[in-house]
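**Q** Below are the sequence and a predicted model; questions follow.
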Amino acid sequence: MKRKSNPRAVSSRRPGSGAGSLDLSDAEFRALAARVSSLAADYYAQLPNVRAYPLESGAQVHQAFDEALPDKGLHAAAFDALAAVMQMSRAPSARFFGYVLGSGEPVAALADLLASVLNQNVTAWRSAPAAVTIERQVLQWIARALGCSEMVGSLCGGGSAANLMALAMAREARLPANECGAQPGVVYASTEVHMSIAKAVALLGLGRRNLRLIPVDENFRMSVPLLETAMAEDRAAGRALIAVVASAGTVGTGAIDPLERIGAICRKHGLWLHVDGAYGAAAVLAAPEKFRGLSEVDSLSLDLHKWLYQPVDCGMLLFKDPKHARAAFSHTGDYARVLDAQPLEDTAFFEESLELSRRFRALKIWLSLRYHGLQAFRSAIRADLEHARLLVDGIRGESQLELLAPVELSAVCFRYCEKHVGRDLDALNAAILRRVIENGRVYISNAVVRGRFALRACFVNHRTTPADVALIVPEVLEAAREILAQ
């Protein structure tokens, strides 16, 4: 009796792994995967004891990896260099408080490995059915968790890409340019806005001179009266007004612009309202009262590799009306056109976003959220907010330190300020920062607050404990003593 062929059956034979073959045998892959897995597990286990920043200089790191491209493969020996890569990398330890960079949650890291194995191009449903469906699910989960259930969107590399796409949509909605070219149009943001907004305005052909930076109030929030004044002046001068970019967590101080009031002004005057929430928007999970008006905006960017602790890269853009995304990004060649799609099979992210080639970013978020549950992330964000308050208390308890800005979220800007030292405080604090990093026990970064150099600690780290926070003030004071003793 002739056996029927199984269309899903795959031959167990695999290409050899000899010279010239890029494939691996089952045994080879398992051995290498186990080796990498062991390295990763050891790395996580050692995190509490590693330096916050590697000791090696730029010259030493260059020397470690300066080698000729091998013509013949090193095979398993190629993996020997991974130990040096790990040693010379900035560790995602509990004592990393620099910039606004999340800590990289381990379940998500495992998902990233599998995403690379699956190698899906998440461009349309027909090219990646499971991946596209999971991305839609993740977008829906996050939008609902933020109180923005009417929004849809897509994942991207990070806030810079999300902000660029949002302003491209705003431009096409208010001052179309795709067919005949860009015209000058005004975009408003506060003086504290992220640098990606100026880049986006330039790339979209609107011109950086048409980015109106509105002064901030004493809490570093955009001044609504000054925004209204600037809009009136521009309208009277005959300029086209396109959008306002409000910040939900500025990169410097974590300030949140008055979203409700700005939203009312945008609706009154017909401007697009985009919120750059790359840093702060996820804090809605723990402190929703700080973000009133968020659900009424036209578009919202957020970085899940910041305050949802995902490995880089994992940005997201949410928006209310997909027609504006299609107006900005839909331009499909015949080779990519979706044909005869059934319901739930007609998703084409390339029609509503900048990218055509898109990696399976959603897998790590999906697996991470399913493994831990949303409450675990809410609790971690609350802990970060509390860690910022603990540091503020520590700063206020030391006469040699001063707080330079109110703490709205988890970014704390401060400086060493003992007056009798007779040194320029900006230069002194820059030297203190370098010494803190060199000492390697904690990692903080810097900001400029009203023209003053600031030491800055930002808490978006699920590994941090109150004991880690308690190290910051003593480390700064010790570094100051070392610098002043020179």
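**A** Received it, and whenever you're ready, just let me know what you need.

**Q** Report the secondary structure state of Ala243.
**A** strand (DSSP: H, G, I helix; E, B strand; the rest coil).

**Q** How much space separates Gly451 from Cys413?
**A** 13 Å (CB to CB, to the nearest Å). Heads up, the C-betas are built off the backbone N, CA and C, glycines and all.

**Q** out of the two, which sits in the busier spot?
**A** When neighbours are counted by other CB atoms under 10 Å, Gly451 and Cys413 differ, and Cys413 comes out ahead with 26 against 6.

**Q** Wasn't that one part of a strand?
**A** Yes: under three-state DSSP, Cys413 falls within a strand.

**Q** if I pick it, what's in contact with it?
**A** Under the criterion of CB atoms under 8 Å, 6 or more residues apart in numbering, the neighbours of Cys413 are Gly252, Thr253, Leu403, Leu404, Ala405, Ala447, Val449, Ala454, Leu455, Arg456.

**Q** Any idea what the last one is bridged to?
**A** Think Arg456. Per DSSP bridges, the residues bridged to Arg456 are Cys413, Ser445.

**Q** Can you give me the neighbour number for it?
**A** 27.

**Q** How about the fourth one?
**A** Burial of Leu404, expressed as a neighbour count using other CB under 10 Å, amounts to 22.

**Q** buried ones in stretch 87-98?
**A** Gln87, Ala91, Pro92, Ser93, Ala94, Arg95, Phe96, Phe97, Gly98 (16 or more other CB atoms under 10 Å).

**Q** tally of neighbours for the residue lying closest to the last one once chain neighbours are set aside?
**A** Spelled out, it's Gly98. Leaving out its chain neighbours, the residue that sits closest to Gly98 by CB to CB, 6 or more residues apart in numbering is Ser445, at 3.9 Å. By other CB under 10 Å, the residues close to Ser445 number 18.

**Q** And Leu101, by the same measure?
**A** 18.

**Q** and it, that one's in a strand?
**A** No: read with three-state DSSP, Leu101 is coil and lies in no strand.

**Q** got a pLDDT number for it?
**A** On the pLDDT scale, Leu101 is placed at 95.

**Q** For the remainder of this discussion, apply numbering that starts at 35.
**A** Done: numbering now begins at 35, and the last item shifts to Leu135.

**Q** isn't it right up against Val494?
**A** Yes: using CB atoms under 8 Å, Leu135 is in contact with Val494, at 6.9 Å.

**Q** what touches both of the two?
**A** Lys340.

**Q** which regions of the stretch 335-484 of the chain sit below the pLDDT cut-off?
**A** 367-375, 454-455 (pLDDT under 70).

**Q** where exactly do the strands run in the stretch 135-284 of the chain?
**A** Using DSSP state E, counting those that start in this stretch, the strands of the stretch 135-284 of the chain run over residues 186-190, 220-224, 245-248, 275-281.

**Q** Quick check: which of those is nearest to Ala232?
**A** Of all the strands of the stretch 135-284 of the chain, strand 245-248 sits nearest to Ala232, with 5.7 Å by CB to CB.

**Q** List the buried residues of that closest one.
**A** Leu245, Arg246, Leu247, Ile248.

**Q** Need the contact partners of that strand.
**A** Residues from elsewhere that reach strand 245-248 (CB under 8 Å, 6+ apart): 220-225, 227, 231-232, 235, 256-257, 260-261, 264, 268.

**Q** go again using 10 Å as the cut-off
**A** 220-227, 231-232, 234-236, 256-265, 267-268, 273, 275, 278-279, 291, 296 (CB atoms under 10 Å, 6 or more residues apart in numbering).

**Q** now those: which count as buried?
**A** Among the contacts of strand 245-248, those classed as buried by 16+ other CB under 10 Å are 220-224, 226-227, 231, 234-235, 256-258, 260-262, 264-265, 268, 275, 278-279, 291, 296.

**Q** circling back to that earlier point, next, the contact list for the residue nearest to Gly132, please.
**A** Neighbour list for Ser479: 130-135, 445, 467, 471, 488-492 [criterion: CB under 10 Å, 6+ apart].

**Q** The same query, at a cut-off of 6 Å, please.
**A** Ser479 sits next to Gly132, Tyr133, Arg490 when contact means CB atoms under 6 Å, 6 or more residues apart in numbering.

**Q** Please convert these to JSON lines, extending it with distance to Val510.
**A** Output for the contacts of Ser479, formatted as JSON lines (distance: CB to CB, whole Å):
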{"residue": "Gly132", "distance to Val510": "14"}
{"residue": "Tyr133", "distance to Val510": "17"}
{"residue": "Arg490", "distance to Val510": "11"}
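
**Q** Would you mind measuring from Ala316 to Ala145?
**A** From Ala316 to Ala145 the distance is 18 Å (CB to CB).

**Q** Equivalent analysis for Val258, please.
**A** For Val258, the distance to Ala145 - CB to CB - is 42 Å.

**Q** can you list the domain ranges for the chain.
**A** The chain breaks down by automatic domain parsing into domains covering 70-94+114-139+407-520, 156-366+373-406.

**Q** which residues does the residue sitting nearest the centre point of the chain contact?
**A** Nearest residue to the geometric centre of the chain (CA atoms, centre = their mean): Asp337, 3.5 Å. Asp337 makes contact with Gly192, Gly193, Ala312, Gly349 under the criterion CB under 6 Å, 6+ apart.

**Q** How many neighbouring residues does the second one have?
**A** When you say that, I think you mean Gly193. Gly193 has 27 nearby residues by other CB under 10 Å.

**Q** what's the closest non-adjacent residue to it?
**A** Counting by CB to CB, 6+ apart, the residue nearest Gly193 is Ala312, at 3.0 Å.

**Q** That neighbour - that's part of a strand, no?
**A** No: counting by three-state DSSP, Ala312 falls outside a strand, being coil.

**Q** you'd agree it is up against Ser335?
**A** Yes: counting by CB atoms under 6 Å, Ala312 does reach Ser335; the two are 5.4 Å apart.

**Q** Gly107 is nearest to which of the domains of the chain?
**A** It's domain 70-94+114-139+407-520; of those, that one is closest to Gly107 (CB to CB) at 13.2 Å.

**Q** Helices of the stretch 185-334 of the chain, start to end?
**A** 193-208, 229-237, 258-270, 293-303 (DSSP state H, counting those that start in this stretch).

**Q** Which element, helix or strand, includes Ala514?
**A** Element membership for Ala514, per DSSP states H and E: helix 506-518.

**Q** Which strands or helices does that helix pack on?
**A** In terms of contacts (3 or more CB pairs under 6 Å, 6 or more residues apart in numbering; DSSP states H and E), helix 506-518 is packed against helix 459-473.

**Q** what distance separates the helix it packs on from the middle of the whole chain?
**A** 26 Å (CA atoms, centre = their mean, to the nearest Å).

**Q** How about stretch 241-249?
**A** Using CA atoms, centre = their mean, the offset of stretch 241-249 from its chain centre is 24 Å.

**Q** Perfect, I'm done here.
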